[in-house]
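Student: Below: sequence and its predicted model.
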Amino acid sequence: MVEIRIRTDSRDRLSSFFASGHAGWADHGSDVVCAAISTALQSAWLGLTEVASVPVVGEKHDGALRLTWPEHVRDDPAVRAIVMTAARTVEAIAAQYPGSARIVHESDE
């Protein structure tokens, strides 16, 4: 199962995504659930860095992707649109494939 952690900061603004695991919906390399989640999160990364010029901190390797953006840009409308779209996308995927993907909402305390 892919677990996607969606974190918000103390002001209830999205602050990071972390996805790990494999969906198990199909064989490795053919799994549409993993591909869809990976595409959504990597698109957010690309949108933040290439479109909104945000200095993202992230890492990706087999089976895991972590993405965090700085606090000072979290109110920017472009940043909000990019990360909210990614969050809604992975939430919709998890709802459609509940045995293969799970969303965990976390908040900074």
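Tutor: All right, it came through fine. Everything numeric in this text was worked out from a predicted model, so none of it was measured. Numbers count the residues shown, from 1 in each chain.
Student: from here on, contacts and neighbour counts on C-alpha atoms
Tutor: OK.
Student: burial count for Ala92?
Tutor: 14 (other CA atoms under 10 Å).
Student: In a helix, it, correct?
Tutor: Yes. With DSSP: H, G, I helix; E, B strand; the rest coil as the criterion, Ala92 is part of a helix.
Student: Okay, Ala94 and Ile82: tell me how far apart.
Tutor: 19 Å (CA to CA, to the nearest Å).
Student: Next: Thr8.
Tutor: Distance from Thr8 to Ile82, by CA to CA: 15 Å.
Student: Am I right that Arg102 is in a helix?
Tutor: No. Secondary structure of Arg102 (three-state DSSP): strand, not part of a helix.
Student: Next one, pLDDT for it please.
Tutor: The model reports Arg102 with a pLDDT of 94.
Student: from memory it sits against Ala92, does it?
Tutor: No. Assessed by CA atoms under 8 Å, Arg102 is found out of contact with Ala92, at 10.4 Å.
Student: In the protein, where is pLDDT below threshold?
Tutor: 23-30, 109 (pLDDT under 70).
Student: Looks like Ala44 contacts Ala87 (just checking).
Tutor: No. Look at Ala44 against Ala87 with CA under 8 Å: they stay out of range, at 9.2 Å.
Student: Break down the protein into its helices, ranges please.
Tutor: Listed in chain order, the helices of the chain (DSSP state H) span 32-46, 77-96.
Student: what would the ones you listed look like in CSV with distance to Trp69?
Tutor: Shown next, in CSV, are the helices of the chain (distance: least, CA to CA, whole Å):
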stretch, distance to Trp69
helix 32-46, 9
helix 77-96, 9
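Student: any idea which of the ones you listed is most buried?
Tutor: helix 32-46 (a mean of 19; mean count of other CA atoms under 10 Å).
Student: elements contacting that helix?
Tutor: strand 64-68, helix 77-96 (3 or more CA pairs under 8 Å, 6 or more residues apart in numbering; DSSP states H and E).
Student: circling back to that earlier point, can you tell which of the helices of the chain is closest to Val57?
Tutor: Closest to Val57 of the helices of the chain, according to CA to CA: helix 32-46, at 9.3 Å.
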